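[1] Next input, structure requested:
(one chain, ligands or ions: 2)
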Amino acid sequence: MGRVGAALGAAPIPHCPGIWVCGRYAVAVLIDLHTHSHCSDGTDSPRELIRRARAASLDVLALTDHDTSDGWDEAGQAAAGTELRLIPGMEISCLYGRAGVHLLAYLLDPGYPPLAAELEAVRDSRASRLPAMLAGLREVGIDITEADVARVSTAATSMGRPHVADALVGLGVVRDRDEAFDRYLGWGRPGYVPRYAADLTEMIGYVRRAGGVSVIAHPWGRGSQRTLTADVLADLATLGLTGIEVDHLDHDAAQREQLRSIASDTGLVVTGGSDYHGTGKVDHPLACETTDPEQFERLLAAVP
Ligand SMILES: [Zn+2]
Ligand SMILES: [Zn+2]
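    Ligands and ions are numbered 1, 2, ... in the order given. Okay, here's the model as predicted:
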């Protein structure tokens with residue numbers, strides 16, 4: 001709606017994020033900055049994702065597959081000539097100390113050599129992790145092969161834990177992905193194998209030098225509140241981090257309120273996104289969480 005709204009002479013209503021007035025009508029501006037296709041662990045093709053985004057009346061959609069830009073071309077072709085504004089992005093697997101942190105990066109050049117090398121290392125490590133995971137599962141008596149995993153991940157760039165989880169569901173070992181992670185694939189479980197991730201502070205610099213902006217995904221999801229404290233977030237802001245994803249289903253209302261106040265103290269942009277994975281993640285439909293248009297404009301303004 002932003003671009004379309006401005007062309008129609010629509011104006012945002014102060015204090016009503018996402019609602020614009022156009023003549024006598026109020027219209028919502030829907031911006032979802034966190035989604036996955038089958039180029040990582042989602043289940044929709046990029047083209048299908050664009051179709052669904054349009055059906056959900058989204059105005060802006062970011063495609064943020066894990067550690068890859070493979071879906072950008074197809075998504076770009078599908079979005080061309082439509083009202084939907086596509087923001088190419090990715091969700092990069094990083095480490096801060098020993099804690100895993102996901103970094104959303106937007107509008108970056110994926111071919112920038114230091115960045116491309118890091119992404120390749122992350123993807124290679126994920127690929128070599130598979131045989132080790134399956135060996136761990138076989139040790140506890142689960143008869144699972146690479147062929148079982150390949151069957152549920154035909155279009156994926158590389159096969160990872162979510163695909164192993166799907167294979168376990170397919171074999172009738174567990175009911176769904178969540179149970180697969182809880183019992184077999186999460187940290188300390190028989191199928192858990194550590195893997196390489198990029199250094200968070202280094203990656204924030206690479207994204208900037210690759211012409212993009214970075215936002216920490218679900219910073220306080222899954223127990224990372226202890227690691228990514230207000231002080232740490234403030235430090236990361238000085239290193240070039242642009243924003244934090246406050247509106248994500250992993251955060252409760254109290255966490256969101258605290259994160260918003262950290263953002264306003266540090267100048268970080270506040271974003272929101274669904275973390276849509278198709279049928280690969282339940283209860284994360286497109287646009288279930290969105291980004292305020294003014295925050296989105298700030299994010300774009302931060303592009304170097
Ligand atoms: Zn994530
Ligand atoms: Zn995600």
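
[2] what about the lengthiest helix in the chain, average pLDDT?
    In the chain, assigned by DSSP state H, the helix with the most residues is helix 113-139. Mean per-residue pLDDT for helix 113-139: 92.

[3] Surely L241 is in a strand?
    No - L241 is assigned coil when assessed by DSSP: H, G, I helix; E, B strand; the rest coil, not a strand.

[4] For R177, see how far away it is.
    30 Å (C-beta to C-beta, to the nearest Å). The C-beta positions use only the backbone N, C-alpha and C, and glycine is treated the same way.

[5] how close does the residue of the stretch 1-150 of the chain found nearest ligand 1 sit to A55?
    Per C-beta to the ion, H102 is where the stretch 1-150 of the chain lies closest to ligand 1, at 3.6 Å. According to C-beta to C-beta, H102 and A55 sit 27 Å apart.

[6] quick one: which of the two has more around it?
    Counted by other C-beta atoms under 10 Å, H102 and A55 do not tie: H102 has more neighbours, with 24 against 9.

[7] Once you drop chain neighbours, what's closest to that one?
    Once flanking residues are discounted, H102 sits nearest to A217: 3.9 Å by C-beta to C-beta, 6 or more residues apart in numbering.

[8] Need the pLDDT of that neighbour.
    With respect to pLDDT, A217 scores 98.

[9] So it sits against G100, correct?
    No - here A217 does not reach G100: they are 10.8 Å apart, not a contact under C-beta atoms under 8 Å.

[10] which neighbours do these two share?
    Jointly contacting A217 and G100 under the rule C-beta atoms under 8 Å, 6 or more residues apart in numbering is no residue at all.

[11] These two: who's more crowded?
    Between A217 and G100, counting by other C-beta under 10 Å, A217 is the more crowded of the two (24 against 16).

[12] How much space separates that one from ligand 1?
    4 Å (C-beta to the ion, to the nearest Å).

[13] just R260 next, same as before
    20 Å.

[14] contacting residues around that residue?
    Counting by C-beta under 8 Å, 6+ apart, R260 touches 246, 270.

[15] Enumerate the positions of the one helix or strand it maps to that are buried.
    Using DSSP states H and E, R260 sits in helix 253-266. Of all the residues in helix 253-266, those buried under the rule 16 or more other C-beta atoms under 10 Å are 255-256, 259, 262-263, 266.

[16] I'd like the residues you listed written out as JSON lines, with distance to ligand 2 and pLDDT added.
    JSON lines is the format used below for the buried residues of helix 253-266 (distance: C-beta to the ion, whole Å; pLDDT from 0 to 100):
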{"residue": "Q255", "distance to ligand 2": "17", "pLDDT": "96"}
{"residue": "R256", "distance to ligand 2": "18", "pLDDT": "97"}
{"residue": "L259", "distance to ligand 2": "17", "pLDDT": "97"}
{"residue": "I262", "distance to ligand 2": "21", "pLDDT": "97"}
{"residue": "A263", "distance to ligand 2": "20", "pLDDT": "98"}
{"residue": "T266", "distance to ligand 2": "23", "pLDDT": "97"}
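
[17] Report the secondary structure state of V101.
    Secondary structure assignment for V101 (three-state DSSP): strand.

[18] So it is in contact with G221, correct?
    No - using C-beta under 8 Å as the test, V101 is too far from G221 to be in contact (10.2 Å).

[19] If you count surrounding residues, which of those two has more?
    Comparing V101 with G221 by other C-beta under 10 Å, the one with more neighbours is V101, at 22 against 16.

[20] Distance check, the more buried one against ligand 2.
    From V101 to ligand 2 the distance is 12 Å (C-beta to the ion).

[21] Contacts only, for that residue.
    94-95, 200, 216-217, 219, 224, 227-228.

[22] 10 Å instead, please
    92-95, 197-198, 200, 203, 216-219, 224, 227-228, 236 (C-beta atoms under 10 Å, 6 or more residues apart in numbering).
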